[in-house]
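1. The amino acid sequence is not available; the structure is as follows:
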């Protein structure tokens, strides 16, 4: 996350710790965890009551909860919209492409000629494969081409010169790293023909990944600078993922650094587990970040999604509601798009954990809303 000064102010403003607790144990789309026992810690139970006011199993769900200083009206409204999939104008669950493959961690952008482009990953013979797909309605997707093997958690953006930039996490037995590829034309992208690629050497931890593309800019000579958010594995904290930021210049120079202020801000809220995948969306000129957070290390029942207001220094947890009442989601993405009816809107995707999911909702969920 590029704007780390936001998190320094956030960290200093928090006076109490709050932890969201989910009532299910879940399986992450990239890693499997065995959760021992089911008893909640006193701190986790207190955090749940703090956010909900009383037992969440019997009480109506509130659309947002605030950690630290109160959220702005804009952040509160955005968190409510992004969290309530039941209000979406377009919604789909358990997304698959026309080959029947899952579309995990789908990132959607407008297709320049109309319709939508999406990058996602699936597994083929036990190996992660990143793919690019197209759609005209956000619900049905045509798989165009694989983009990478041992590749997951992709992100996509259009560069100022009209080329396409795709980033993903490359996995290996020796650890994971980031790869960024450029595609000169849409035809090249849909055929999986990269113009150039960069595999980033790990500098922060033995695993680095879950990229999101913050921005792509070009200088006067047309050289691209790609700003990315990412995570790295922090073994010194007992084995947790923490946030980092990277800059790729002209597909030849890579610099990654720990997002210390972001990590400190979330630690100040009481989150002791992983800080994982994230995405940026700008609404009415305000930059926001959606990020998956884990309340307790090793406890996959404490996963949730927070909205960070990067201009006003606020964190608002999302209470994500699905049509069937699935309990836990992660891997959020969000994009401004043109809706299928031509009106402006936004789209969000989440991975719905299989355990605790409603029938037919496990896997990738998509929701899109028209602007009001």
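-> Nice, thanks for sending it over. These figures come from a predicted structure and were not determined experimentally. Residues are numbered from 1 along each chain as shown.
2. Can you list the residue ranges for helices in the stretch 101-250 of the chain?
-> Per DSSP state H, counting those that start in this stretch, the stretch 101-250 of the chain carries helices over the ranges 186-191.
3. Sketch out the helices for the stretch 251-372 of the chain, chain order is fine.
-> Going by DSSP H, counting those that start in this stretch, the stretch 251-372 of the chain shows helices at 260-268.
4. Please identify the helix or strand for residue 74.
-> Element membership of residue 74, judged by DSSP states H and E, is helix 73-83.
5. what packs against that helix?
-> For helix 73-83, the elements it packs on are strand 286-294, strand 303-309, strand 314-317, strand 344-352, judged by 3 or more CB pairs under 8 Å, 6 or more residues apart in numbering; DSSP states H and E. Bear in mind the C-beta positions are built from the backbone N, C-alpha and C, glycine included.
6. Tell me which of the ones you listed lies nearest to residue 114.
-> strand 344-352 (14.3 Å; CB to CB).
7. Buried residues, the closest one. List them.
-> Neighbour-count burial for strand 344-352 flags 345-352 (criterion: 16 or more other CB atoms under 10 Å).
8. Tell me which strands that strand pairs with, and in which orientation.
-> Strand 344-352 has the following sheet partners, assigned by DSSP bridges: strand 329-338 (antiparallel), strand 363-370 (antiparallel).
9. That strand vs strand 303-309, what angle?
-> Following axes from the mean of the first three to the mean of the last three CA atoms, to 10 degrees, one obtains 150 degrees for the angle between strand 344-352 and strand 303-309.
10. I'd like the distance from strand 344-352 to the chain centre, please.
-> Centroid separation for strand 344-352 versus its chain: 10 Å, with CA atoms, centre = their mean, to the nearest Å.
11. where in this structure is pLDDT low?
-> 1-69, 237, 300 (pLDDT under 70).
12. Apart from its chain neighbours, what residue comes closest to residue 116?
-> residue 135 (4.6 Å; CB to CB, 6 or more residues apart in numbering).
13. quick one: contacts for that neighbour?
-> 115-116, 118, 141-142 (CB atoms under 8 Å, 6 or more residues apart in numbering).
14. Surely residue 229 and residue 275 touch.
-> No. Judged on CB atoms under 8 Å, residue 229 makes no contact with residue 275 at a distance of 10.7 Å.
15. that older thread, export the helices and strands packed on helix 73-83 to JSON lines and tack on distance to residue 184?
-> Below are the helices and strands packed on helix 73-83 laid out as JSON lines (distance: least, CB to CB, whole Å):
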{"stretch": "strand 286-294", "distance to residue 184": "29"}
{"stretch": "strand 303-309", "distance to residue 184": "34"}
{"stretch": "strand 314-317", "distance to residue 184": "39"}
{"stretch": "strand 344-352", "distance to residue 184": "26"}
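16. buried sites along stretch 226-239?
-> 226-234.
17. Need the three-state assignment for residue 86.
-> Of the three states, residue 86 takes helix under DSSP: H, G, I helix; E, B strand; the rest coil.
18. what's near enough to touch it?
-> Neighbouring residues of residue 86 by CB under 8 Å, 6+ apart: 321-323.
19. Only the buried subset of those residues, as a PyMOL command please.
-> Listed next is the PyMOL selection for buried residues among these, using 16+ other CB under 10 Å:
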select buried, resi 321+322
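20. Redo the contacts of residue 86 as CSV? Include distance to residue 239.
-> Output for the contacts of residue 86, formatted as CSV (distance: CB to CB, whole Å):
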residue, distance to residue 239
321, 32
322, 30
323, 36
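21. from the contacts of residue 86, which is closest to residue 199?
-> Using CB to CB, these come closest to residue 199 at residue 322, 36.7 Å.
22. Which residue is the nearest non-sequential neighbour of residue 178?
-> residue 200 (4.3 Å).
23. Distance check, that neighbour against residue 228.
-> 9 Å (CB to CB, to the nearest Å).
24. Pull up the overlap in contacts between those two.
-> Residues touching both residue 200 and residue 228 (CB under 8 Å, 6+ apart): 178, 180, 246, 248.
25. who does the nearest residue to residue 226 once chain neighbours are set aside bridge with?
-> Spatially, and ignoring its direct neighbours in sequence, residue 226 is nearest to residue 248 (4.3 Å; CB to CB, 6+ apart). Assessed by DSSP bridges, residue 248 has beta-bridge partners residue 226, residue 254.
26. if we can go back for a sec, can I have the buried ones of the contacts of residue 135 as a ChimeraX selection?
-> With 16+ other CB under 10 Å as the criterion, this ChimeraX line picks the buried residues out of these:
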select :116,118,141
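27. from the contacts of residue 135, which is closest to residue 212?
-> Out of the contacts of residue 135, the member with the shortest distance to residue 212 (by CB to CB) is residue 118, at 14.6 Å.
28. Next up, the contacts around that closest one.
-> Residue 118 neighbours (CB under 8 Å, 6+ apart): 103, 106-109, 132-135, 141, 156.
29. try 10 Å
-> Going by CB atoms under 10 Å, 6 or more residues apart in numbering, residue 118 touches 95, 97, 103, 106-109, 111, 131-135, 138, 141-144, 154, 156, 333, 335, 347, 349, 364, 366.
30. ok, now residue 238?
-> Residue 238 touches 272, 297-298, counting by CB under 10 Å, 6+ apart.
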